[in-house]
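> quick one: sequence and predicted model below, then my questions.
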Protein chains: 2
Amino acid sequence: MPMPGQIGPREREILTAIVETYISTGEPVGSRTLSRQNKDGLSPATIRNVMADLVDGGFLDQPHTSAGRVPTAQAYRYYVDQISGKAEVSPADQTLIAGTLKGTVDVQEFLQRTSHVLSLVSSGVGVAIANTGQRNALDHVYFSRQGEKKVLAVVVTSSGVVHDRMMRLDEDLNQTDLDTAANYINENFRGWTIATVKAEIVRRVESERSEYGRLMKSLEELYRSGALGADDSARNVFVEGVSNLVVKEEDREHLRDLLRTLEEKERVAELLAAYLDTPQEAVRVVIGLEKAVPEMRNFVLIGAPAHVDGEVRGSLAVIGPTRMDYQHTITAVSYIAQLFDKLLNENA
Amino acid sequence: MPMPGQIGPREREILTAIVETYISTGEPVGSRTLSRQNKDGLSPATIRNVMADLVDGGFLDQPHTSAGRVPTAQAYRYYVDQISGKAEVSPADQTLIAGTLKGTVDVQEFLQRTSHVLSLVSSGVGVAIANTGQRNALDHVYFSRQGEKKVLAVVVTSSGVVHDRMMRLDEDLNQTDLDTAANYINENFRGWTIATVKAEIVRRVESERSEYGRLMKSLEELYRSGALGADDSARNVFVEGVSNLVVKEEDREHLRDLLRTLEEKERVAELLAAYLDTPQEAVRVVIGLEKAVPEMRNFVLIGAPAHVDGEVRGSLAVIGPTRMDYQHTITAVSYIAQLFDKLLNENA
DNA sequence: CCTTGGCACTCTCCAGCTGGAAGTGCCATC
DNA sequence: GATGGCACTTCCAGCTGGAGAGTGCCAAGG
C-alpha cells in the first residue's frame, strides 16, 4: 500500500522510536509511552494516527486490539538500513576485541577466539568459520608413519589452516614411500587448490601407472584413504555463546530445536554460506532467518565474509534475537571482519 | 538413624519401585500408584508405613504434606549400587556405538564422535576429553617455516594426539635451523613427557650455551614462543548434546548458568578430572554434583577414565539429570570406555 | 488539513475464591 | 504385621470481577 507520507521524517522518527523502545523493553509500545519520551511533544492521538498508517504499511503489528504496537521484520529491515554506517566501534569494544585476538596467527585459534568475542560483545551467538577443502590452496603436506598401515597426514593450506588426519591404509607404506609421495605432491602441486590436486592425482595415477609404479601406488593408496581434505568442515566451525539464547519468553520446545540446530556444525556452515558467500565486503544483516532455518524465526544474522583475492575464505557472524543492539553488533562484526581479512591476506 | 529392617527386601523393593517410577514420570510417587503397579498386592496403607520408614532413613523426601514421595540423592546412590553390573549393553546401542566409532584412529575424531554418541544414547550431555600436556609422552615434532618469524609446530604424542600450533617468533629462523632443532628433539627426547622435555631444554640451553650456539639458540627461541604443549586443553574437550538439558521445569536462570558452564571447556575438564582421575577402571556414578559445580544440583555424572600403563590419559562421561536411565547409560559408558582404552593402548 | 482532547470500547492481567483430586497420618480392626 | 476407614492438608484448575493500558473514532481548534 503506497500511502503518501509513509517515509516522511515524522514517520521515520516514530518508527525508529518504536523499534528502539521495543528492543530495550520487549513490551509492545503504546502511543502514550511514545508521546512522553518523544522530544517534539506530539500528543498520543497524533502518534496513534501515524501508527495506524505504519500498520497499514506493514511496519507494525498489533498482538491484540488493545496492546501497543510491535515492529515487523520489515520495520527492522528499515531501521537497520537507516542506522547502517552511522557509528564507529566503541573504544571499549575495540580494546576487548584487540586484546582477545592479539597474537593469534593460527587461523583456527583466531576463529575460536572470534566466535567467543562475538558472543561477548553482542550477547548473541558468535559464529566463525573457515572455508575448507575445495577452494583452499595447498601449501604443503607431511605424511608420517605411525604404525603398521597407519599414517598421519598433515595438510597445510596457504591460508595457514592446518588439517591433520590419522588414517588407516589398506596396504602398508614405509616412511621412505611416504616422504617420496609428500615431496612429489609438494613439488608439483604447491599453490593448487585441494580439489584440483585430488583430481590431478587421480589423473596421473591412471595415465602413468606403468612408469612410476611405486610412487603412484603410494599416492593412490594415500588418496583412497582420504589423506587430502577429508571432510573437516565440522572442525572449522566455531560456535559460542549459546547460553545467551536462554532468555525468558520463548517456549522450551523451540529453544531445544534451536540449540540442536546450532550443535550441528554443518547446518551452521550452510546457513552462513547461504547468506555470506558474496563478493561484497559489507556486513550483511539478514532478518527473515526462518526462511533458511524454521526454528530461527525471530532471529537475525549479522555477518560478513572474509576474502582472499576476491574469493570467500571464511565468514563470521552473530546470530541473535531480532531484539538486539544492531548498531553495536554491526560495528563490532565489521571491525572483526577487517581483522580477519587482514589475517588471511597476511598469511596468504 | 539405624532403623531395623531398613534394608530388608521389602524396603528395597519399594524404594527401587519409587525411584524407577519417579525417573519415568517425574511426578512425586504416591502409595496408591505404587500399590497398583506392585505385583505382590500390598495395600496402600502398608506401603505408607514403609515409606514413612524410608523418609526417616533419609531416602525419601516430601515436597509438601500431601504430595507423593521423591527420592533423595541417597536413594539414587542406593539404587545405582543395587543395579550396577546387572546388565549388558543392548544390541541396538552396540550397533550404534560401533557404527559411529568404526574406523576412527585419530584420537580427536574419536573424542568428538564419542561425545556425540554418548549424548545420543543417554539423552544427556556427552563429554569426552584427552589429557594433554604434562603427562603425555612425546613421539615426535615437526617445525615448518611459514614466513618471516612464523613457524608451524606440530607435536605428535605417543597416544596419537596431534597438537599443531602456529607461532610468531621474536627472531627469524630458517628451515634448516628448524629441521636441526626438530631432529635434535626427536632423537634426544622421544618417549619423554612433554613437561620433562621442556624442563630439559631449558637446562641444556643454560649449560651448553657456548658449545652448540646456533642449535641452542633455535631451541630457546622455539621454547620461548611456546612451541611445545602450549595450553591446548580447550581443543581436547568435546561436549555435545547440551540441547538435551532443555526440558520443562527448571527455571531459565539456572539453565543459562548451566549452559554457560558447559561452554567453558576448562571447567568441564576440571570437573571430570576431579572425579575420574583415579587408577580404577570402573564406571563412576557421582550423584551430588552440586558440590563441585553449584549450578549442577540435580545432575549426575556417569563417567570412566581411560588408562595407558596405569596412567589416566583421558576420560569420558555423561552429564545428565538425576532422573535418567542409569542402567542404560552406565552400560553404554562402560562399553565405550573399553573401546577408548583399546584405542589408546593400540596407539601407544 | 493536520493536531488534539475526549470518550467508549476491548483486551489482558491479576487477585481472590472455590470445588475437586490426590495423598497423607493415624486409629481401630483383623 | 497388614488392612480399611476417615478426617485432614495441600495443590491445582477454573471462574470471576475489577484495574490498567491502549485503541479507534469523532468533533473541535489551529
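That came through, no problem.

> contacting residues around the spatially closest residue to residue A:258 that is not a sequence neighbour?
Leaving aside its sequence neighbours, residue A:258 sits nearest to residue A:295 (CB to CB, 6 or more residues apart in numbering or on different chains; 5.1 Å). The C-beta positions use only the backbone N, C-alpha and C, and glycine is treated the same way. With contacts defined as CB atoms under 8 Å, 6 or more residues apart in numbering or on different chains, residue A:295 is in contact with A:254, A:257, A:258, A:261.

> ok so the third one is a strand residue?
No - under the criterion used here (DSSP: H, G, I helix; E, B strand; the rest coil), residue A:258 is helix, not part of a strand.

> list the contacts of it.
Here residue A:258 is in contact with A:245, A:295, A:296, A:299, B:243 (CB under 8 Å, 6+ apart).

> looking at this, the last one is in a helix?
Yes - with three-state DSSP as the criterion, residue B:243 is located in a helix.

> relative to DNA strand C, how far out is the residue nearest to residue A:258?
Distance from residue A:295 to DNA strand C, counting by CB to the nearest atom of the strand, to the nearest Å: 24 Å.

> spell out which parts of chain A neighbour DNA strand D.
A:28-33, A:44-45, A:48, A:51-52, A:55, A:62, A:65-69 (CB under 7 Å from any atom of the strand).

> what subset of these is buried?
A:28, A:29, A:30, A:31, A:33, A:48, A:51, A:68, A:69 (16 or more other CB atoms under 10 Å in any protein chain shown).

> quick one: the helices in the stretch 101-250 of chain A?
Taking DSSP state H, counting those that start in this stretch, the helices of the stretch 101-250 of chain A run over residues A:107-122, A:175-189, A:194-207, A:213-224.

> from the chain's centroid, how far away is the last one?
When C-alpha coordinates are averaged (CA atoms, centre = their mean, to the nearest Å), helix A:213-224 and its chain have centres 37 Å apart.

> swap in the first one?
Offset of helix A:107-122 from its chain centre (CA atoms, centre = their mean): 11 Å.

> what's the answer for stretch A:318-327, then?
That offset, for stretch A:318-327, works out to 14 Å (CA atoms, centre = their mean).

> within range of DNA strand C, give me the residues from the stretch 51-200 of chain A.
Counting by CB under 7 Å from any atom of the strand, the stretch 51-200 of chain A sits next to DNA strand C at A:64, A:65, A:66, A:67.

> in helices, which of those residues fall?
Among these, no member falls in helices (DSSP state H).

> quick one: which of those residues is nearest to DNA strand D?
Nearest to DNA strand D out of those is residue A:66 (CB to the nearest atom of the strand; 3.9 Å).

> for the closest one, give me phi and psi.
Dihedral angles phi and psi of residue A:66 (degrees, to the nearest 10) take the values phi -120, psi 40.

> from residue A:47, how far out is it?
Separation of residue A:66 from residue A:47 (CB to CB, to the nearest Å) stands at 16 Å.

> list the contacts of the residue nearest to residue A:288 when sequence neighbours are not counted.
Once flanking residues are discounted, residue A:288 sits nearest to residue A:73: 5.4 Å by CB to CB, 6+ apart. By CB under 8 Å, 6+ apart, the residues touching residue A:73 are A:287, A:288, A:322.

> distance to residue A:215, secondary structure and pLDDT added to these, as JSON lines?
Shown next, in JSON lines, are these (distance: CB to CB, whole Å; DSSP: H, G, I helix; E, B strand; the rest coil; pLDDT from 0 to 100):
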{"residue": "A:287", "distance to residue A:215": "55", "secondary structure": "coil", "pLDDT": "95"}
{"residue": "A:288", "distance to residue A:215": "54", "secondary structure": "coil", "pLDDT": "86"}
{"residue": "A:322", "distance to residue A:215": "58", "secondary structure": "coil", "pLDDT": "94"}
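
> what residues sit buried inside the host helix or strand of residue A:99?
Using DSSP states H and E, residue A:99 maps to helix A:91-101. By neighbour count on 16+ other CB under 10 Å, the buried set for helix A:91-101 is A:93, A:97, A:100, A:101.

> any idea of the mean pLDDT in that helix?
Mean pLDDT, computed over helix A:91-101, is 87.

> just the CA atoms of that helix, as PDB, please.
Provided in PDB are the C-alpha atoms of helix A:91-101 (Å, rounded to 0.1, in the frame of the first residue of the first chain):
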ATOM      1  CA  PRO A  91      36.700   2.100  22.400                       C
ATOM      2  CA  ALA A  92      35.700  -0.400  25.000                       C
ATOM      3  CA  ASP A  93      34.800  -3.000  22.300                       C
ATOM      4  CA  GLN A  94      38.000  -2.200  20.400                       C
ATOM      5  CA  THR A  95      40.100  -2.900  23.500                       C
ATOM      6  CA  LEU A  96      38.200  -6.100  24.200                       C
ATOM      7  CA  ILE A  97      38.500  -7.400  20.700                       C
ATOM      8  CA  ALA A  98      42.100  -6.400  20.100                       C
ATOM      9  CA  GLY A  99      43.000  -7.900  23.400                       C
ATOM     10  CA  THR A 100      41.400 -11.200  22.700                       C
ATOM     11  CA  LEU A 101      42.700 -11.600  19.200                       C
END
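
> hmm, who's touching it?
In contact with helix A:91-101 (CB under 8 Å, 6+ apart) are residues A:89, A:110, A:113-114, A:116-117, A:120-121, A:328, A:331-332, A:335-336, A:339.

> before we move on, back to that, farthest-apart pair in the residues of the stretch 51-200 of chain A next to DNA strand C, please.
A:65 and A:67 (7.6 Å; CB to CB).

> just checking, what's the longest helix in chain A?
Max-length helix for chain A by DSSP H is helix A:326-347.

> so what secondary structure elements neighbour that one?
helix A:73-83, helix A:91-101, helix A:107-122, strand A:299-308, strand A:311-321 (3 or more CB pairs under 8 Å, 6 or more residues apart in numbering or on different chains; DSSP states H and E).

> mind listing what's buried in that helix?
For helix A:326-347, by 16+ other CB under 10 Å, it's A:326-337, A:339-341, A:343-344, A:347.

> which of the contacts of helix A:91-101 lies closest to residue A:237?
residue A:114 (11.9 Å).

> so what's the closest residue to the closest one other than its chain neighbours up against?
For residue A:114, ignoring the flanking residues on the chain, the nearest one in space by CB to CB, 6+ apart is residue A:128 at 4.2 Å. Contact partners of residue A:128, counting by CB under 8 Å, 6+ apart, are A:110-112, A:114-115, A:118, A:237-238, A:314-317, A:340.
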